[in-house]
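Asker: Give the three-dimensional model of this entry:
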Amino acid sequence: MKKNMKKVLLTTLIILTVGTVGCGSKTEESTDDLALAIPGTWQTASVGYMDGEDMQPEYYVQFTEAEVNYGHMKDGAFALDHSDKISEIEKNADDEYKIKAESAGGIQYTYQTAEGDADILEYYETWDEEDFSEMYRGGASLSRIK
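Answerer: Predicted structure coming up:
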């Protein structure tokens, strides 16, 4: 019985570890101390929830060298909800960005600076530029808030 219990506990521990490390773990930590690869905090165009009397965006977003961090604002500070892995960040001379990232569920997507507006990152649910016109998702695009 003890041997079976150890197996169950070990299996549970492995599942929990893989779930939090490999699946975009849900945390409530602040990312204010992280170095941002792309300046500012961004927000989705889509509305997600009520905070008192105010509607809030589905997510606030910050970019490090390795991750796209999605979260919410708590008392004026960014609180991390989950992260996606960045595969590539490109920046040109005009401070325009192209970020290729992948969600925990395997969805490959691109954020790219909107033409003529450095405070908008357009969202495409693909890495292939040839498919951008078909894979544009306006509600998931981002605007810089600070």
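
Asker: List the contacts of residue 125.
Answerer: Remark: with contacts taken as CB atoms under 8 Å, 6 or more residues apart in numbering, residue 125 is in contact with 107-109, 135, 137, 140. All C-beta atoms are positioned from the backbone trio N, CA, C, and that covers glycine.

Asker: What about those, which are in strands?
Answerer: Secondary structure from DSSP state E places 108-109 of the contacts of residue 125 in strands.

Asker: Among the contacts of residue 125, name the buried ones.
Answerer: Buried members of these, counted by 16 or more other CB atoms under 10 Å: 109, 135, 140.

Asker: Can you report how many residues lie near residue 84?
Answerer: Residues within reach of residue 84, counting by other CB atoms under 10 Å, total 20.

Asker: Mean confidence (pLDDT) on stretch 103-120, please.
Answerer: For stretch 103-120, mean pLDDT rounds to 96.

Asker: buried sites along it?
Answerer: Buried residues in stretch 103-120, counted by 16+ other CB under 10 Å: 103, 109-113, 120.

Asker: neighbouring contacts of it?
Answerer: Residues contacting stretch 103-120 (CB under 8 Å, 6+ apart): 22-24, 68, 82, 84, 87, 94-102, 121-127, 129, 132, 140-144.

Asker: please redo it, this time with the cut-off set to 6 Å
Answerer: For stretch 103-120, contacts defined as CB atoms under 6 Å, 6 or more residues apart in numbering pick out 23-24, 84, 95-102, 121-125, 127, 143-144.

Asker: From those, keep the buried residues only.
Answerer: 24, 84, 96-101, 121-125, 127, 143-144.
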